[in-house]
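Undergrad: My questions are about this predicted structure, shown below with the sequence.
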Amino acid sequence: MFCRKRLTLARERRGLTGRQLSELSGINAVTISRLESGPTESPSSDTLARLAQTLNYPEAFFFKEAPEQLQTDIVSFRSMKKMNAAQRNAALWAGSLGLEIYDWLEQEYYLPKPSLPDLRLIGDAETAASHLRQEWALGDRPIGNVLRLLESKGVRILSLEEKNKSIDAFSFWRNERPFIFLNTFKTPERSIFDCGHELGHLVLHKHGDLPKSGRSKSNNGSESEEIDADRFASAFLMPEHDVKAVIPRNFINARRIIDAKKRWKVSAMALTRRLHRLKMLSDWQYRTLCIDLSRSGYRTSEAEGIERETSVVWDKVLKDMWSRKMTKEDLARHLNMPHDEVEKLVFGLVGKIAAPEKSKRHLTVV
């Protein structure tokens, strides 16, 4: 049966209004409206072909069961004020497609089981970050590969290639599995901080699940939650003892920060805020350094940046499939999705991959 929601999904993923889709496809706008929400149950074969061609979605996509539609009250969007409705909906639909990809993936592979503690009863974000580092036996050392670490703990990570800085990362829990979606349009350093920020939401606020105790999810996206998640990320990525041991308090300037940030793989601004938070910078020093770094372009980019981290899980999966002679088009056909949408969600790692066998394969992320 034709699924109305899937037409809405495809249209909004392509960034089109109903009128724009009508103009591009040559299909009457009223017909499109009726197909999405009105009395028309199914399009004619000609209409379906034109919709599929215009949207670059396979016809079979529109006959799958209704997609799981994410709602803004269960995801950790932090940039709601910056996004318009079209951008928000497109990102949420990307999340829906990501869930379908992971549903398929978990049928084919044994993935790491989630191992995230519930820290909602810990009142202080920095204490929670320290608690988690202790539970994961990280000590005070920098984290070599943040994505690898989170995936080894069972976090399902996918990418968003929205080509728009207004779209931040977001996260949620679904069926006791944690998900993070990262906008790879941001700098690699920002993506790493986003990982820490969303990890904070997952363990402190547990968006998407009914609250068992402690904080309610009803204030999702509130300023206090965002502050908590930022402080958690800062403390988790840049532990206090390591920062104080590495950076001399009596000699902190912009050059020192630019050199030191590489140790924790964070932005210059993030490290500056951390130093101020730890009282290693006075208010005057902090303002002066922010001005100096901004003038050098470090508020929006990183002139001396790092290599982007990508999903270790998807790298292993795709290499395994590649060894069994399956192309990216084969994978897309298996999922009944456009291959460009699949690539956008798996960090652009899709290459030649092989037909899945019946038995599941174990993935180890170390």
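TA: Now that the structure is in, tell me what you want to look at.
Undergrad: Would you mind finding the longest strand in this protein?
TA: strand 177-183 (DSSP state E).
Undergrad: and the gap between the residue of the chain positioned farthest from its centre and residue 105?
TA: If you look at how far each residue of the chain sits from its centre, by C-alpha atoms, centre = their mean, the farthest one is residue 250, at 38.0 Å. Separation of residue 250 from residue 105 (C-beta to C-beta, to the nearest Å): 51 Å. The way it works is simple: take the backbone N, C-alpha and C, and place the C-beta from them, glycine included.
Undergrad: CA atoms only for the longest strand of the chain - export them in PDB, please.
TA: Extracted C-alpha coordinates of strand 177-183, given in PDB (Å, rounded to 0.1, in the frame of the first residue of the first chain):
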ATOM      1  CA  ARG A 177      19.600   2.100  22.400                       C
ATOM      2  CA  PRO A 178      21.300   5.500  22.300                       C
ATOM      3  CA  PHE A 179      21.600   7.300  19.000                       C
ATOM      4  CA  ILE A 180      23.700  10.300  18.000                       C
ATOM      5  CA  PHE A 181      23.500  12.100  14.600                       C
ATOM      6  CA  LEU A 182      26.400  14.500  13.800                       C
ATOM      7  CA  ASN A 183      26.400  17.300  11.300                       C
END
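Undergrad: next SSE after that strand?
TA: helix 188-204 (DSSP states H and E).
Undergrad: May I ask which helix or strand of this structure has the lowest mean pLDDT?
TA: Lowest on mean pLDDT, DSSP states H and E among the helices and strands of the chain sits strand 361-362, with a mean of 62.
Undergrad: where exactly do the strands run in the stretch 101-250 of the chain?
TA: Secondary structure of the stretch 101-250 of the chain by DSSP state E, counting those that start in this stretch: the strands cover 109-110, 156-160, 170-174, 177-183.
Undergrad: now for these, which one comes closest to residue 231?
TA: Residue 231 sits nearest to strand 170-174 of all the strands of the stretch 101-250 of the chain, at 16.3 Å, using C-beta to C-beta.
Undergrad: Enumerate every residue touching residue 62.
TA: By C-beta atoms under 8 Å, 6 or more residues apart in numbering, the contact list for residue 62 reads 2, 3, 6, 7, 10, 48, 51, 52.
Undergrad: Which residue, neighbours along the chain excluded, lies closest to it?
TA: residue 6 (4.9 Å; C-beta to C-beta, 6 or more residues apart in numbering).
Undergrad: longest helix of the protein?
TA: helix 85-108 (DSSP state H).
Undergrad: What helices and strands are in contact with that one?
TA: Identification of packing neighbours for helix 85-108 by 3 or more C-beta pairs under 8 Å, 6 or more residues apart in numbering; DSSP states H and E yields helix 4-13, strand 156-160, strand 170-174, strand 177-183, helix 328-335, helix 339-345.
Undergrad: ranking the ones you listed by mean pLDDT, which is last?
TA: Of all these, the minimum mean pLDDT falls on helix 328-335 (a mean of 85).
Undergrad: Kindly export that helix (C-alpha atoms) in PDB.
TA: C-alpha atoms of helix 328-335 as PDB (Å, rounded to 0.1, in the frame of the first residue of the first chain):
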ATOM      1  CA  LYS A 328      26.700   0.700  -2.900                       C
ATOM      2  CA  GLU A 329      23.800   0.600  -5.300                       C
ATOM      3  CA  ASP A 330      23.100  -3.000  -4.200                       C
ATOM      4  CA  LEU A 331      22.900  -1.800  -0.600                       C
ATOM      5  CA  ALA A 332      20.600   1.100  -1.400                       C
ATOM      6  CA  ARG A 333      18.400  -1.300  -3.400                       C
ATOM      7  CA  HIS A 334      18.300  -3.700  -0.500                       C
ATOM      8  CA  LEU A 335      17.200  -0.800   1.800                       C
END
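Undergrad: Can you pull out the low-pLDDT segments for the stretch 151-300 of the chain?
TA: Within the stretch 151-300 of the chain, the stretches with pLDDT under 70 are 207-221.
Undergrad: Which residue ranges of it form helices?
TA: 188-204, 223-237, 240-246, 254-264, 268-277, 283-295 (DSSP state H, counting those that start in this stretch).
Undergrad: Can you give me every residue that contacts residue 278?
TA: Contacts of residue 278 by C-beta under 8 Å, 6+ apart are 240, 243, 244.
Undergrad: quick one: which of those is nearest residue 268?
TA: residue 243 (13.9 Å).
Undergrad: So residue 326 versus residue 24, what's the distance?
TA: 32 Å.
Undergrad: Could you check which of the two has the larger neighbour count?
TA: Neighbours per residue (other C-beta atoms under 10 Å) separate residue 326 from residue 24, with residue 326 holding more: 20 against 15.
Undergrad: average pLDDT across stretch 64-76?
TA: 85.
Undergrad: ok, the closest residue to residue 289 other than its chain neighbours to residue 201 distance?
TA: Leaving aside its chain neighbours, residue 289 sits nearest to residue 272 (5.2 Å; criterion: C-beta to C-beta, 6+ apart). Going from residue 272 to residue 201 by C-beta to C-beta gives 23 Å.
Undergrad: Name the residue in the two with the higher neighbour count.
TA: residue 201 (29 against 24).
Undergrad: what sits against the more buried one?
TA: Residue 201 neighbours (C-beta under 8 Å, 6+ apart): 76, 171, 207, 225, 229.
Undergrad: ok, back up a step: go through the helices of the stretch 151-300 of the chain and name the closest to residue 310.
TA: Of all the helices of the stretch 151-300 of the chain, helix 188-204 comes closest under C-beta to C-beta, at 9.7 Å.
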